[in-house]
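In: fold the following and give me the result.
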Amino acid sequence: MDSDNAAGGPARLEDLLEHIPAGVVVHGPDGRILSANRLACELLGQTQDELTGTASSAAAWTFIRPNHTRMRPEDFPVNVVLRTGVKVAQLIVGVPDAGGVPLRWLICNAYPECDASGQVQQVVVCFTDCTALKRAKQRLQKSEKRLRLVLRGSTDAPWDYDLVTREIYYSERWWSMLGYHPGELPADETLWLALAHPEDQEAVMAFMRELFAKRFDTYSIEFRLRHRDGHYVPVLSRGFVLRDNHGKPLRISGTNTDLTERKQAEHQVYQAAYFDYLTGLPNRRLLVEELDKALARSARTGEHGALLLLDLDNFKLVNDTLGHELGDALLCQVSERLRLVLRHSDGLARLGGDEFVIVLEQLGSSVREAVRETGHVVDKLLAALEQPYHLGGRMVLSTPSIGIVLFDGTTADVDALLKQADMAMYQAKADGRHTARFFDPGMQAAADRQAALEAALRGGLAAHQFVLYCQPQFNRQGRLVGAEALVRWRRESGELVGPAEFIGLAEATGLIGPLGQHVLEAGCRALARWRGDRVLGRLKLAVNVSAHQLRSAAFARQVDEILAQTGARPQKLCLELTESVFAEDAAGIIARMHALRARGIGFSLDDFGTGFSSLSYLKRFPLTALKIDRSFVHDVHIDPDAGPIVEAIIALARTLKLDIVAEGVEHEAQRSFLIEGGCSTFQGYLLGMPVPIEEFEHRYSAQGFGHA
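Out: Residues are numbered from 1 along each chain as shown. Below is the predicted model:
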């Protein structure tokens, strides 16, 4: 049995060698071939007989290295093993066919078989055919080389993102397009989004979510990436999404193309089509498009707008006498002055020749308000354009005539507006030039009345026609504890005008500053007079302060000067504010309020509960009192919704240790409700009407009643 196994062993080995998927050649200690299996003969292109006894020499074999150079005999795998006794592994060798070409590429492994003394007796060489793999690699290398050459001459920047491994590749061109060296920033998946323009990030992320969700294979999107020097590079990103059988994205690859030159070309085309070559202002074509949008916005918001057509009164004379070059210079200077006067949101265009168009929006929901706001802009335009122009060493005067038409979104078309403005402009020229006229005669009459009222307001301030009224304030027990200073306008005709008729105009024209100072001075003089009276001397006087006053950096100093000049005690002065004061420069206003609080002056927030962020004001600003708005007080005893609001305001004031004043108390039921709710001070017609300061002092002094 053992002899049978021993006898069958070599046979089984030979059978195995004939069927293994590799060529096997056995060399003797002299390097000559002793045996070769069937696959070895096929790969080497020789028969068993031809191979047997073949020496491992240059005369018998030509082997090629992977770099296509001829291998020296001493480097043949067999000879290396015989010389060193060390195996050779994974050596790639090229073997020419009988005709010399093409090459067959083999992966060779050579192993020594040694006797008991360690002498090499045989070398077994195994090899497998890798010709197809080698040629595929060569094709890939050629393709990569070709791609590198193409990309080197291209402006495209390749990148690749493996969604499975989270690996991302940014090409050298990708980095250089943004002014960086490769790897200068962390090359992770968040880099491109971090560099994207803030205005583009949300849109790009939404695009990517849709791309992955809807199984698109290709994509194309434009966005902007931040360059190293801070500007943004417009890029077109295009590429391919690799997905699995279920549509799940596995990889996304693409290129970024720099669109800077294309965008510049598009901008030049756009400029030529939509902008005036001389002044750089929008031309008629763009004006019509933007005016259409303005009409749509007006219809949607209910806000009025205005179209102003401005024509230079003596432009033809300048052009004819000084020449077209200086005429062009005049038009450029006019456009610059218009830019300086108008807001960034206002529309401005050159219609042609010496005609300019201005579009104003958000002028108010009423015609009266829109007329007033437009009038303010017109005044600024006339004042700016009547100043002398310096042209070619000469001083030239040029005034405008302005036609105005209002719109509210119901206007049929832009051409109709332009025609109406043109008619109004010619009416302005007919009325003497250097003026403005509304298309609607009724509007013009309103504008004239507004201008007359403003002139009268200025004259009234100069003539001291504004007089002080006072309305008393009482505590829960009916004791007089304070008063609010109110202003009235006693015109030259004797007519008494209430604040509702002139405060808005004073604010719009900037006259609220001197008017407010006049009221504050009159109030402080009254406080100084009251010091010696047993009743009046204990009163606090509330004086309204406008946003214009408190936003002035000099306001605290002005109050100090008034107190010093009049001798009024600062502890008896309470400045009443509305929430509009806090809309701008909160830090500066807080600083000025603290400076005045340090002197003992109090601050009351008027009309509390009607604003949008009153609670934040209570936390941030050094207030001493709140006034419940009359709109809540009016319905507190009959409206089930008003009562809880008033109770909440009172509770809030108590928690914050603020005085609480209810204004507009007209019925006993209102006062009773407020007393039960914990209100401390009351003001209204039930308790006392506003009266002239002289009458107030006579009625409530120690010689008067001193109580309700």
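
In: what's the neighbour count on the closest residue to Asp629 other than its chain neighbours?
Out: The spatially closest residue to Asp629, leaving aside those adjacent along the chain, is Asp607, at 4.4 Å (CB to CB, 6 or more residues apart in numbering). C-betas here are computed from N, CA, C, even on glycine. When neighbours are defined as other CB atoms under 10 Å, Asp607 has 20 of them.

In: so who does Asp607 touch?
Out: By CB atoms under 8 Å, 6 or more residues apart in numbering, the contact set of Asp607 is Thr578, Glu579, Lys627, Asp629.

In: off-centre distance for the helix or strand harbouring it?
Out: Element membership for Asp607 (DSSP states H and E) is strand 602-608. Counting by CA atoms, centre = their mean, to the nearest Å, strand 602-608 is centred 35 Å from the centre of its parent chain.

In: could you do stretch 628-638 as well?
Out: Relative to the chain's own centre, stretch 628-638 is displaced by 42 Å; criterion: CA atoms, centre = their mean.

In: of all the residues in that stretch, which ones are buried?
Out: By neighbour count on 16 or more other CB atoms under 10 Å, the buried set for stretch 628-638 is Ile628, Asp629, Arg630, Phe632, Val633, His634, Asp635, Val636, His637.

In: now swap in stretch 560-569 and tell me
Out: Neighbour counts using 16+ other CB under 10 Å place Ile562, Leu563, Thr566, Ala568, Arg569 of stretch 560-569 among the buried residues.

In: how about stretch 402-413?
Out: Applying 16+ other CB under 10 Å to stretch 402-413 flags Ile402, Gly403, Ile404, Val405, Leu406, Phe407, Asp408, Gly409, Thr411 as buried.

In: can I get those residues in CSV including distance to Tyr270?
Out: Output for those, formatted as CSV (distance: CB to CB, whole Å):
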residue, distance to Tyr270
Ile402, 29
Gly403, 29
Ile404, 30
Val405, 29
Leu406, 31
Phe407, 27
Asp408, 31
Gly409, 28
Thr411, 27
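
In: adding secondary structure, pLDDT and distance to Val377, write those residues out as a markdown table.
Out: Shown next, in a markdown table, are the buried residues of stretch 402-413 (DSSP: H, G, I helix; E, B strand; the rest coil; pLDDT from 0 to 100; distance: CB to CB, whole Å):
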| residue | secondary structure | pLDDT | distance to Val377 |
| --- | --- | --- | --- |
| Ile402 | strand | 95 | 10 |
| Gly403 | strand | 94 | 14 |
| Ile404 | strand | 94 | 9 |
| Val405 | strand | 93 | 14 |
| Leu406 | strand | 92 | 12 |
| Phe407 | strand | 91 | 15 |
| Asp408 | coil | 86 | 17 |
| Gly409 | coil | 71 | 20 |
| Thr411 | coil | 65 | 19 |
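
In: re the thing from before, okay, the buried residues of stretch 628-638 in TSV with distance to Leu453 next?
Out: Output for the buried residues of stretch 628-638, formatted as TSV (distance: CB to CB, whole Å):
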residue	distance to Leu453
Ile628	32
Asp629	28
Arg630	26
Phe632	32
Val633	32
His634	30
Asp635	34
Val636	36
His637	39
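
In: may I ask which two of the residues you listed are separated the most?
Out: Farthest pair in these (CB to CB) is Asp629 and His637. Separation: 15.6 Å.

In: all the helices of the stretch 201-350 of the chain, in order from the start?
Out: 260-274, 284-301, 315-322, 324-341 (DSSP state H, counting those that start in this stretch).

In: would JSON lines of the ones you listed with mean pLDDT, distance to Val235 and mean neighbour count be doable?
Out: Shown next, in JSON lines, are the helices of the stretch 201-350 of the chain (pLDDT from 0 to 100; distance: least, CB to CB, whole Å; neighbours: other CB atoms under 10 Å):
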{"stretch": "helix 260-274", "mean pLDDT": "82", "distance to Val235": "9", "mean neighbour count": "12"}
{"stretch": "helix 284-301", "mean pLDDT": "89", "distance to Val235": "28", "mean neighbour count": "16"}
{"stretch": "helix 315-322", "mean pLDDT": "81", "distance to Val235": "47", "mean neighbour count": "15"}
{"stretch": "helix 324-341", "mean pLDDT": "92", "distance to Val235": "33", "mean neighbour count": "17"}
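
In: can you redo these as CSV with distance to Ile512?
Out: Formatted as CSV, the helices of the stretch 201-350 of the chain follow (distance: least, CB to CB, whole Å):
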stretch, distance to Ile512
helix 260-274, 41
helix 284-301, 27
helix 315-322, 38
helix 324-341, 22
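
In: just so I know, which of the ones you listed lies nearest Leu652?
Out: Among the helices of the stretch 201-350 of the chain, helix 284-301 comes nearest to Leu652, with 34.1 Å by CB to CB.

In: so what secondary structure elements neighbour that closest one?
Out: For helix 284-301, the elements it packs on are helix 260-274, strand 305-312, strand 347-352, strand 355-360, strand 400-407, helix 414-430, judged by 3 or more CB pairs under 8 Å, 6 or more residues apart in numbering; DSSP states H and E.

In: and the last one with strand 305-312, angle?
Out: Put simply, helix 414-430 runs at 50 degrees to strand 305-312, going by axes from the mean of the first three to the mean of the last three CA atoms, to 10 degrees.

In: the inter-axis angle of helix 414-430 versus strand 355-360?
Out: Using the same axes, to 10 degrees: helix 414-430 against strand 355-360 is 110 degrees.

In: before we move on, what about the third one?
Out: What separates the directions of strand 347-352 and strand 355-360 is an angle of 160 degrees, with the same axes, to 10 degrees.

In: contacting residues around strand 347-352?
Out: 276, 278-279, 281-284, 286-287, 290-291, 294, 309, 331, 335, 338-339, 342, 356-361, 418.

In: over to the longest one?
Out: Contact with helix 414-430 is made by 288, 291-292, 295, 307-311, 313, 351, 357, 401-405, 407, 411, 435-439, as judged by CB under 8 Å, 6+ apart.

In: extract the CA atoms of that helix and return them as PDB.
Out: Listed next in PDB are the C-alpha coordinates belonging to helix 414-430 (Å, rounded to 0.1, in the frame of the first residue of the first chain):
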ATOM      1  CA  VAL A 414     -46.200 103.400 -18.400                       C
ATOM      2  CA  ASP A 415     -46.700 105.500 -21.500                       C
ATOM      3  CA  ALA A 416     -49.700 107.100 -19.900                       C
ATOM      4  CA  LEU A 417     -47.700 108.000 -16.900                       C
ATOM      5  CA  LEU A 418     -44.900 109.500 -19.000                       C
ATOM      6  CA  LYS A 419     -47.400 111.600 -21.000                       C
ATOM      7  CA  GLN A 420     -49.000 112.900 -17.800                       C
ATOM      8  CA  ALA A 421     -45.700 113.800 -16.300                       C
ATOM      9  CA  ASP A 422     -44.700 115.500 -19.600                       C
ATOM     10  CA  MET A 423     -47.900 117.600 -19.500                       C
ATOM     11  CA  ALA A 424     -47.200 118.600 -15.900                       C
ATOM     12  CA  MET A 425     -43.600 119.500 -16.700                       C
ATOM     13  CA  TYR A 426     -44.700 121.800 -19.500                       C
ATOM     14  CA  GLN A 427     -47.200 123.400 -17.000                       C
ATOM     15  CA  ALA A 428     -44.200 124.000 -14.700                       C
ATOM     16  CA  LYS A 429     -42.400 125.800 -17.600                       C
ATOM     17  CA  ALA A 430     -45.500 127.800 -18.400                       C
END
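
In: would you mark the buried spots in it?
Out: By 16+ other CB under 10 Å, the buried positions in helix 414-430 come out as Val414, Leu417, Leu418, Gln420, Ala421, Asp422, Ala424, Met425, Gln427, Ala428, Lys429.
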